[in-house]
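Enquirer: Below are the sequence and a predicted model; questions follow.
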Amino acid sequence: MRVAIAGAGIGGLAVAALLAKAGLEVALYDQFDAPRAVGSGLVIQPVGLAVLDLCDAGAEARAMGQHIARMLGREVTRGRRVLDVSYDREGRKELQGLTIHRAALHGALLAAAGRLGVAVVPSSLVAAAPMAGAKRKLQMADGRVEGPFDLVIDASGAGSALSPLRARPLPYGAIWGTVPWPDATTLPADQLSQRYFKARHMIGVMPLGQVPGRIGPQAALFWSMRRDELAQWPSRDATEWKQQAATLWPEMHPFLAEIVTTAQMTPASYTHGNLRRPYADRLAFIGDAAHRASPQLGQGANMALLDALALSLALQRGPLEQALATCARMRRWHVRIYQGMSAAFTPQYQSDSRVLPALRDWALAPLSLTWPLPRILSRLVAGELIPPLAGEAFPTRAFHLGLNT
Ligand SMILES: Cc1cc2nc3c(=O)[nH]c(=O)nc-3n(C[C@H](O)[C@H](O)[C@H](O)COP(=O)(O)OP(=O)(O)OC[C@H]3O[C@@H](n4cnc5c(N)ncnc54)[C@H](O)[C@@H]3O)c2cc1C
């Protein structure tokens, strides 16, 4: 079977590695002149790490990133704990999340795919994937046509030209930047730390471990912002913003010292939505091309990795005609539940609402710290509230603990 993949991002590289490992002929196309990752930090949950291991990229990702034991968020006025999720009280690294810069994750996946014989065809801006007889071709924006292929996988992310998904823009986005982890901080390096001012501002410090091209451990800083304010960010005064951030959260001070211009913090906007049927004739959609949400629950990259695994398993187990439907069935409920949770949680942290953050601080936060909710929240964040692949024993906590091997 000849498979073409549009997009050499997280999902595209993962599915390319898994299919090449299974012996399929894979052609991977990306718009970039040279493969590169844009963006800042993200969290890979234990389920995503299990997929990276199957892609032979887990060891390099772990060597670059930083294991985190806890996510701790406080509201700034009284310092109350609003979010407190511990991955594993016994500190087992295999059950923890891994925070990592997108470039480091991309590098690990690219190297793994390369070792498996996958080469990225650069300068290939995919514009369409028309049927050609019983197969599909890929048409590039410069007029080049590639194929025919038995299957086209759309892994071209939120800006996909192939996906029919029209996602809803969310009212809040964020600015993100990468700075060296300062010696002078008291924030723990194995924790994702956040502060909230109502739902108006969400400020975060994410340890990143090593970042390609930078020396020493790094951190990602993020600050949520209304969509209309994001557009004005480049012309704002960085000093005034730094003062505002340090006033709300004085421990940010040593991290902010590195920020001199607004260009060091990149605006990112978010959308929400998912395809009810993430496939068509000889065409499969994975990752952000199939479903998008705010990064509130830290699941986007994991979702792309899980889609990649489901598709590669389905393609190895049955004929192509059934494989795409099987893959969609495997992922349906996990995607729906996390999309629903993301839609419910995001406005509590990023919206103009006065009621929702008050409800969060006075009712939901105390409840979330009461048994058995900490356990449930930890499973939610770890991406395992329900089985990630329906009907599959993998990848679960039991897998990581070696209990089902
Ligand atoms: C600021 C921010 C923070 C985030 N934080 C987290 C987090 O903490 N945890 C988490 O799990 N997720 C997080 N995410 C989400 C995560 O980054 C995405 O969900 C994930 O990267 C999706 O993977 P993908 O493979 O679908 O797309 P991408 O990784 O975006 O890859 C898409 C690829 O397709 C290429 N491409 C695009 N269009 C074309 C085209 N027409 N032709 C050819 N190539 C094309 C691009 O160049 C790119 O290489 C965050 C996202 C953002 C924006």
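Expert: That came in fine, so what should we check first?

Enquirer: and the one helix or strand Met330 maps to, what other elements does it pack with?
Expert: Assigned by DSSP states H and E, Met330 falls within helix 320-349. Helices and strands touching helix 320-349, by 3 or more Cβ pairs under 8 Å, 6 or more residues apart in numbering; DSSP states H and E, are strand 271-274, strand 279-280, helix 300-317, helix 355-359. Every C-beta, even on glycine, is put in place using the N, C-alpha and C of the backbone.

Enquirer: Give me the angle between that helix and helix 300-317.
Expert: 170 degrees (axes from the mean of the first three to the mean of the last three Cα atoms, to 10 degrees).

Enquirer: any idea of the mean pLDDT in helix 320-349?
Expert: For helix 320-349, mean pLDDT is 94.

Enquirer: Now do the contacts for Val145.
Expert: 137-139 (Cβ atoms under 8 Å, 6 or more residues apart in numbering).

Enquirer: Can you flag which of the residues you listed belong to strands?
Expert: Among these, the residues falling in strands (DSSP state E) are 137-139.

Enquirer: The nearest residue to Ala245 once chain neighbours are set aside and Leu28, how far apart?
Expert: Leaving aside its chain neighbours, Ala245 sits nearest to Met252 (5.2 Å; criterion: Cβ to Cβ, 6 or more residues apart in numbering). According to Cβ to Cβ, to the nearest Å, Met252 stands 40 Å off from Leu28.

Enquirer: what sits up against stretch 100-112?
Expert: 8-10, 13-14, 17, 35-44, 52, 55-57, 60-61, 64-66, 120, 178, 208-213, 218, 220, 301.

Enquirer: cool, and stretch 318-329?
Expert: Under Cβ under 8 Å, 6+ apart, the answer for stretch 318-329 is 1, 150-151, 277-279, 282, 284, 307, 310-311, 313-315, 317, 390-391.

Enquirer: cutoff 10 Å now
Expert: For stretch 318-329, contacts defined as Cβ atoms under 10 Å, 6 or more residues apart in numbering pick out 1, 3, 150-151, 153, 275-286, 290, 307-317, 335, 389-391.

Enquirer: coming back round to it: please narrow the contacts of stretch 100-112 to those residing in strands.
Expert: 41-44, 66, 120, 178, 208-209, 218, 220.

Enquirer: Just give me the closest of those to Leu380.
Expert: Taking Cβ to Cβ as the measure, Leu380 sits nearest to Val43 out of the ones in strands among the contacts of stretch 100-112, at 12.9 Å.

Enquirer: what are the bridge partners for the closest one, then?
Expert: Thr99 (DSSP bridges).

Enquirer: what's the neighbour count on it?
Expert: 23 (other Cβ atoms under 10 Å).

Enquirer: Out of the ones in strands among the contacts of Val145, grab the one that's most surrounded.
Expert: Counting by other Cβ under 10 Å, top hit in the ones in strands among the contacts of Val145: Leu138 with 24 neighbours.

Enquirer: what's near enough to touch that one?
Expert: Residues in contact with Leu138 (Cβ under 10 Å, 6+ apart) are 4-6, 27, 29, 121, 124, 126-130, 144-149, 152, 162.

Enquirer: before we move on, back to that, okay, the contacts of Val145 in CSV with pLDDT and distance to Leu369 next?
Expert: Listed next are those as CSV, based on pLDDT from 0 to 100; distance: Cβ to Cβ, whole Å:
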residue, pLDDT, distance to Leu369
Lys137, 98, 55
Leu138, 98, 51
Gln139, 98, 54
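
Enquirer: From those, pick the one nearest the ligand.
Expert: Proximity of these to the ligand (Cβ to the nearest ligand atom) peaks at Leu138, which lies at 8.9 Å.

Enquirer: Point out the residues in this structure that sit beside the ligand.
Expert: 6-12, 29-32, 39, 42-43, 124-126, 155-157, 159, 161, 176, 268, 287-289, 295, 298-302, 304 (Cβ under 6 Å from any ligand atom).

Enquirer: Tell me where the stretch 101-250 of the chain has helices.
Expert: 102-115, 227-232, 238-248 (DSSP state H, counting those that start in this stretch).

Enquirer: which other helices and strands contact the last one?
Expert: What that stands for is helix 238-248. strand 191-197, strand 201-209, strand 218-226, helix 253-256 (3 or more Cβ pairs under 10 Å, 6 or more residues apart in numbering; DSSP states H and E).

Enquirer: how about Arg74, secondary structure?
Expert: Classification of Arg74 by DSSP: H, G, I helix; E, B strand; the rest coil places it in strand.

Enquirer: list the contacts for it?
Expert: By Cβ under 10 Å, 6+ apart, Arg74 lies in contact with 80-84, 193-196, 249, 361, 365.
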